[in-house]
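# how does the following fold in three dimensions:
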Amino acid sequence: MFEVGVIEESGAAEVALDPIRTRLLALLVEPHSATSLAAIVGLPRQKVNYHLRTLEAHGLVELVEERRKGNVTERVLRAAAASFVISPTALAAVAPDPARSPDRLSARWLLAVAARLVKEVGTLITGAARAGKPVATFALDGTVRFASAADRAAFTQELTAAVAALVSRYHDEHAEGGRDHRVIVALHPSLRPEVTRPMDAAAVDADLDVQIEIQHRPETKES
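Numbering: from 1, shown residues only. Sure thing, here's the model as predicted:
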């Protein structure tokens, strides 16, 4: 089982977003049969089995084993991943494109960049899984507390200069056999612990949003 699964097909996304099937996926982090799940969720076994067949048809759950009990074969299933993310590929017609409005001080532009990241890395993961190869990735995740807006602005300027210098040092446009990598550095306010609903996010100071992106050509498949 993978820690994170990527849903790229619109049909699979629709299936996964059904409340009953979402609950079944959560329970299927551990192997279960339709019978054991029916007892947990309080639904008839036949109805649970229907949902499981639908999830299996879209690759969201997988068969672990079959147990023979008298004249009945009990199928034990498990989720294909412990958690799932829906790629913007599943909503291709309305997927965000950061190139349409490259306002780097906009929180919505940052969201578009993040959506593109999910799309591209999801495509890489899918292609790498089919090829039986790993994907070379790297990420940094941390928190910095600024004393003032001026400190925040100075930080972003220094960060921009530092990353630009690194890119300039290592980027080789004519490297034979080289491969482009996308570099994204993002900075945004951390949500307060008491923010538990999407509407509460409005309490976050919008003027703190700063995003920096330094990029080369995007990758679309794992070679």
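
# I'd guessed E62 sits against L52; true?
No: with contacts defined as C-beta atoms under 8 Å, E62 does not count as touching L52, sitting 10.8 Å away. For every residue, glycine as well, the C-beta is placed using N, CA and C.

# shared neighbours, those two?
Overlap between the contact sets of E62 and L52, as judged by C-beta atoms under 8 Å, 6 or more residues apart in numbering, is given by L77.

# compare the two (neighbour count), which wins?
Comparing E62 with L52 by other C-beta atoms under 10 Å, the one with more neighbours is L52, at 21 against 15.

# where's the nearest residue to E56 once chain neighbours are set aside, which helix or strand?
Computed as C-beta to C-beta, 6 or more residues apart in numbering, the closest residue to E56 that is not its neighbour in sequence is L77, at 6.8 Å. Element membership of L77 [criterion: DSSP states H and E] is strand 72-79.

# hey, where'd the helices end up in this structure?
Shown for the chain, the helices assigned by DSSP state H span residues 10-16, 19-27, 34-41, 45-57, 107-131, 149-170.

# beta partners of the residue positioned nearest the centre of the chain?
Most central residue of the chain, judged by C-alpha distance to the mean C-alpha position with C-alpha atoms, centre = their mean, is V85 at 4.2 Å. Judged by DSSP bridges, the bridge partners of V85 are V6.

# hmm, it is touching A115, no?
No: using C-beta under 8 Å, V85 makes no contact with A115, being 10.6 Å away.

# now do E65 against R179, distance only.
In this structure, E65 lies at 41 Å from R179, with C-beta to C-beta, to the nearest Å as the measure.

# please read the previous query as pertaining to R53.
41 Å.

# between those two, who's got more neighbours?
Looking at R53 and R179 with other C-beta under 10 Å, you find the greater number of neighbours at R53, namely 13 against 10.

# from A79, how far off is the more buried one?
In this structure, R53 and A79 are 15 Å apart, going by C-beta to C-beta.

# and for S10?
Relative to A79, S10 is positioned 20 Å away (criterion: C-beta to C-beta).

# which one of the two has more residues nearby?
Legend: neighbour count by other C-beta under 10 Å for S10 and A79, higher for A79 (23 against 14).

# distance of the more buried one from G122?
From A79 to G122 the distance is 17 Å (C-beta to C-beta).

# got it, and A107?
For A107, the distance to G122 equals 22 Å [C-beta to C-beta].

# more neighbours: which of the two?
Using other C-beta under 10 Å, the more surrounded residue of A107 and G122 is G122, with 21 against 17.

# contacting residues for that one?
The neighbourhood of G122, defined by C-beta under 8 Å, 6+ apart, consists of V6, E8, V85, S87, T89.

# and which of these is nearest L191?
Distance to L191 across the contacts of G122 (C-beta to C-beta) is lowest for V85, with 18.6 Å.
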